[in-house]
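fold the following and give me the result.
(chains A and B)
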Amino acid sequence: MVQEQLRKEAARLLREGEVDVFIGYARGSLPAQSTVVFARSSEDAQELVFDPTCHPNLAVYLPRFKKERVGVVVKACDARALVELIRERQVDPDKVLAIGVECPGVIDRDRWEEGMSLDDGEWKEALAVACEHCRLPAVDLFHCWLGEKKVAVEEADAQVSSSPIDEDSEERYRWFSAEMEKCIRCYACRQACPACYCPECFTDRSHPDWVSPVHEPPEAMLFHLVRTLHLAGRCTDCGACARACPQNINLLALHRRMEAEAVRRFGYLSGQDPDAPSLLGSFSKDDSDDFIK
Amino acid sequence: MKAPAVKTEWEPKIVAFLCHWCSYAGADLAGISRLQYPANVRVIRVPCTGAVNPFYILKALTQGADGVLVSGCHPGDCHYLAGNYVARRRFALLANLLDFVGIEKGRLQFSWVSAAEGQKFSDVMREVTETVQALGPNQRLVQKARRA
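All right, here's what the predicted structure looks like:
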C-alpha cells in the first residue's frame, strides 16, 4: 500500500537525517479534505496520507525552504512543477528528495458530493479537470517511486470542453466576461500556483498601481490576462489554481490555450526537462511572422 | 435657446509603441517627406519592441485606447541584436490569447517598419486607423467609466 510505504520512507528519511523536513498530506478536518503537513520527526511522518483528496500542489512550498533539505511527496503534476522550479533556479535539486507516488487522479471539491466513497471508483465522478490531461516528466527526478511507474489517468485532449473555442469572437467574449465577472480578486489562484513565486506580484504594487482595486471586470481581465501570459510556457497544467478558486472560474481554459499555442507554434511543452531553455526567454529566427505586417 | 453642442463624430484613439531605432525613425522620415497619414495615432517611443511589456498594451486597452500598434525593426535588424525576436514570441502568444477571449483581432496590430520605410509607416498608420475605425469604439476591455 502506497500510504504505508510513504510513511515508512518519510520516517526513515527524517530519522536518519537525510532530510530536515518532509512535506506531505495529512487528513483534514472536513470529510474528503486533506491538509498539508510539514513533518519534522519520524512521529510526525505517521500522519501522512495519500489518496485522491490530496489535490494541492506541494511544489509551491519548495522555494520557501532554500536552506534546508526537503523531502516531498510528488504526484505527476507536482513533479512537472518541480521540473519548472529547478529550471528557473528556484529549487536546488540537490536539496530536494522527491518521492514520486502513483496518482489515480485527484478530486475537485466543487464536484464532490456528500456520501461519495473514496474506496471504489465512485470518486472518479469528482475527478479534477486537470487530471484528464496528465503526463509524467521524462526526467529522472525521483528519489524513489511508490506504486507502479505509470500515469493512471489516460492522456486526454489539451482542450477544455467547457471553453467556447469554436464560437465566434463575440460569443467567446461573452464567455470570458461572464467568467471575469465572477472574480473577487482574492488571488487564491496565485497563492496556489507553484509558478507564482515572485516576492512581489504586479498586482500588489501600489506605486504605480498597475491593477486598480476598483471592482470592475476589466481590472479582473487585466489581472488574469497578464497572469496567463506570465505563466505561458511555465504553467504545467496541474490545475491547482482552478481548484483553489472559490468562484469556480475556468482558469484552465486560458492556461491550456497558451499551452496549446506554445506547442503549435514553437513545439514547446513545459515541465519536461529542467535543462530546456524557457519559452519566452529563447527564440528561433524562423519563428513565424504571420501576425505582423 | 441653442441646443448643447453635439458630440462630433467618433474618432478612434490609437496608441503606437514605436521602437526608437527603426519605426520611430521611420515616422520621422514620413514627416520629413511630408507624407500624410491620419492623426489618430499617439506615439510612445520605446527603446525596443522587446521592452514592450504585454501589460502596457492591455493597460492601454483598459484605459480607453481603441487600438494598439507595436512596431519595430525587421528581424535581424534589432539594435540590441535579438530584442525583436524575443518580442515576436511574446506577442504571438498575446495576440492568440486576446483572440481567444474575444477581443477583436484588429485592436492589436504589429508591424516591422525600418528607418528607411517612411512610405510603409504612413501606409501602416492608415491601415491600422481604418481597421480600428471599422471596428468602432473599444467596449470589450475598457473600464465602463472610460467608454466612448
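
how many neighbours does A:Leu231 have?
For A:Leu231, the number of neighbouring residues by other Cβ atoms under 10 Å in any protein chain shown comes to 22. Every residue, glycine included, has its C-beta placed from N, CA and C.

sorry, wrong one. I was asking about A:Arg64.
Count around A:Arg64 with other Cβ under 10 Å applied: 11.

in contact with the residue of the stretch 51-200 of chain A found nearest chain B, which residues are there?
Taking Cβ to the nearest Cβ, chain B has its nearest neighbour within the stretch 51-200 of chain A at A:Tyr173, 2.7 Å off. A:Tyr173 makes contacts with B:Val101, B:Gly102, B:Ile103, B:Arg140, as judged by Cβ atoms under 8 Å, 6 or more residues apart in numbering or on different chains.

where's it, which helix or strand?
Applying DSSP states H and E as the criterion places A:Tyr173 in helix A:169-182.

can you list the low-confidence ranges for the chain?
I'll assume chain A. A:138-139, A:149-164 (pLDDT under 70).

try again with chain B
In chain B, residues with pLDDT under 70: B:1-8, B:147-148.

what does it have sitting close to chain A?
B:54-55, B:58-59, B:62, B:75-76, B:82, B:85-86, B:88-105, B:109-112, B:124, B:127, B:140-144 (Cβ under 8 Å from any Cβ of the partner chain).

what is the burial count for the nearest residue to A:Ala232 once chain neighbours are set aside?
Among residues not flanking A:Ala232 along the chain, A:Met258 sits closest, at 4.3 Å (Cβ to Cβ, 6 or more residues apart in numbering or on different chains). Neighbour count for A:Met258, taken as other Cβ under 10 Å: 23.

ok, the closest residue to chain A within chain B - how many residues close by?
Closest contact between chain B and chain A, by Cβ to the nearest Cβ, is at B:Gly102 (2.7 Å). B:Gly102 has 20 neighbours, counted by other Cβ under 10 Å.

ok, now which ones touch it?
B:Gly102 neighbours (Cβ under 8 Å, 6+ apart): A:Ser169, A:Glu170, A:Glu171, A:Arg172, A:Tyr173, A:Arg174, A:Trp175, A:Phe176, B:Arg140.

give me the three-state assignment for A:Leu85.
Under DSSP: H, G, I helix; E, B strand; the rest coil, the three-state class of A:Leu85 is helix.

does it touch A:Arg64 like I think?
No. Here A:Leu85 lies out of contact with A:Arg64, judged by Cβ atoms under 8 Å, at a distance of 11.3 Å.

assumed A:Gln90 was part of a strand.
No. With three-state DSSP as the criterion, A:Gln90 is assigned coil and is not in a strand.

tell me which residue is most central in chain A.
In chain A, the C-alpha nearest the mean C-alpha coordinate belongs to A:Cys238, at 3.3 Å (Cα atoms, centre = their mean).

roughly how far does it sit from chain B?
20 Å (Cβ to the nearest Cβ, to the nearest Å).

what distance do you get for that residue to A:Pro246?
With distances taken as Cβ to Cβ, to the nearest Å, A:Cys238 is found 18 Å from A:Pro246.

same thing with A:Tyr25?
In terms of Cβ to Cβ, A:Tyr25 sits 21 Å off from A:Pro246.

the more surrounded of the two?
With neighbours defined as other Cβ under 10 Å, A:Tyr25 and A:Pro246 compare such that A:Tyr25 has more, 22 against 11.

pretty sure that one is touching A:Phe38, no?
No. Using Cβ under 8 Å, A:Tyr25 makes no contact with A:Phe38, being 11.1 Å away.

what residues sit buried inside stretch B:114-131?
Residues of stretch B:114-131 classed as buried by neighbour count (16 or more other Cβ atoms under 10 Å in any protein chain shown): B:114-115, B:117-118, B:120-129, B:131.

how far away is the residue most central in space within chain B from A:Arg174?
Closest residue to the average C-alpha location of chain B: B:Leu69 at 1.8 Å, with Cα atoms, centre = their mean. Counting by Cβ to Cβ, the gap from B:Leu69 to A:Arg174 is 27 Å.

re earlier: what's the most distant pair in the buried residues of stretch B:114-131?
The two members of those with the most space between them (Cβ to Cβ) are B:Ala115 and B:Thr131, at 24.4 Å.

excluding chain neighbours, what is closest to A:Gln5?
A:Leu146 is the one closest to A:Gln5 (Cβ to Cβ, 6+ apart), at 4.8 Å.

in the stretch 51-200 of chain A, which spans are helices?
Counting by DSSP state H, counting those that start in this stretch, one finds helices in the stretch 51-200 of chain A at the ranges A:76-87, A:169-182, A:188-192.

run through who's touching the host helix or strand of B:Gln109.
According to DSSP H and E, B:Gln109 maps onto strand B:108-112. For strand B:108-112, the surrounding residues in contact (Cβ under 8 Å, 6+ apart) are A:289, A:291-293, B:22-23, B:57, B:61, B:67-75, B:84, B:91, B:94-95, B:98, B:120, B:124, B:128, B:131.

before we move on, what about stretch B:113-122?
B:21-23, B:25-33, B:35-37, B:71-74, B:77, B:111, B:124.

turn the contacts of B:Gly102 into CSV, columns for distance to A:Gly233.
Output for these, formatted as CSV (distance: Cβ to Cβ, whole Å):
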residue, distance to A:Gly233
A:Ser169, 25
A:Glu170, 29
A:Glu171, 28
A:Arg172, 23
A:Tyr173, 25
A:Arg174, 28
A:Trp175, 24
A:Phe176, 21
B:Arg140, 26
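
most surrounded residue in these?
A:Phe176 (25 neighbours).
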